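In: Here's a sequence, model it:
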Amino acid sequence: APVAALATRGVDVAQWMLVAVAAGVVLRLLWLGIGFIRLRGIIATAAPDTSLDAIASELSTTLGTYARLTITEAIETPATVGVRRAIVLLPIRVLALPPAVQRAVIAHELMHVKRRDWLPTLAEEFWCAVLWFHPAARTVAERLALARETVVDEATILLTRDRRAYAEALLAFSNPQPHL
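Out: Predicted coordinates:
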């Protein structure tokens with residue numbers, strides 16, 4: 001067998017496998033680092049928009065949490081980053097949505113802030129970087145993310161009491177819009 005032939009020539013297969021796994025971890029962590037650099041750039045260019053202040057203020061008071069709301073052309077769907085100084089990144093097209101849908105979007109993102117969902121998201125990304133070679137690693141992370149989103153979806157509907165607006169919010173961001 002080929003493995004036995006390598007072993008007889010003094011090549012330690014286990015050592016090579018360990019090097020390959022470690023190299024994969026390093027590459028995945030580098031890729032994650034590049035993502036953080038891109039995220040910092042997006043945050044740096046995102047701008048606040050006062051037209052959403054009333055909705056954000058009302059929801060922040062209700063939820064007992066706060067995040068800086070920003071608008072950016074760099075993303076297709078809303079996202080929340082950070083824990084202590086959380087930032088909600090909203091795509092520019094959220095400004096064209098009806099107020100009830102804007103409220104649902106902001107409520108959803110502030111719910112992530114309240115739950116501190118950025119921490120498990122980061123943990124899952126590191127998990128996937130370290131276990132890149134294991135097929136179940138990404139599957140487990142995706143299922144955890146889906147469970148987290150389901151909980152936030154339900155909490156948002158309970159908070160807003162507007163299933164239709166929330167459904168419209170989900171639909172609004174389900175198909176990414178082409179960049180012009």
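
In: Which strands or helices does the helix or strand Ala14 falls within pack on?
Out: Counting by DSSP states H and E, the element that carries Ala14 is helix 13-45. In this structure, helix 13-45 makes packing contacts with helix 2-8, strand 68-72, strand 87-91, helix 118-130, judged by 3 or more CB pairs under 8 Å, 6 or more residues apart in numbering; DSSP states H and E. All C-beta atoms are positioned from the backbone trio N, CA, C, and that covers glycine.

In: Would you mind finding the most buried of those?
Out: With neighbours taken as mean count of other CB atoms under 10 Å, these reach their highest mean count in strand 87-91, at a mean of 22.

In: what does that one contact?
Out: 42-43, 46, 49, 52, 67-73, 75-81, 105-106, 109-110, 113, 173 (CB atoms under 8 Å, 6 or more residues apart in numbering).

In: got the CA positions of it in PDB?
Out: Taking Å, rounded to 0.1, in the frame of the first residue of the first chain, the C-alpha atoms of strand 87-91 are listed here in PDB:
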ATOM      1  CA  ILE A  87     -23.200  48.500  15.600                       C
ATOM      2  CA  VAL A  88     -26.100  47.700  13.300                       C
ATOM      3  CA  LEU A  89     -25.200  47.800   9.700                       C
ATOM      4  CA  LEU A  90     -28.200  48.400   7.400                       C
ATOM      5  CA  PRO A  91     -28.100  48.300   3.600                       C
END
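
In: got the angle for it vs helix 13-45?
Out: Per axes from the mean of the first three to the mean of the last three CA atoms, to 10 degrees, the angle that strand 87-91 makes with helix 13-45 is 80 degrees.

In: low-confidence ranges in this protein?
Out: Applying pLDDT under 70 to the chain picks out residues 1-11, 176-180.

In: quick revisit: what would the helices and strands packed on helix 13-45 look like in TSV with distance to Ala136?
Out: TSV is the format used below for the helices and strands packed on helix 13-45 (distance: least, CB to CB, whole Å):
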stretch	distance to Ala136
helix 2-8	25
strand 68-72	34
strand 87-91	30
helix 118-130	11
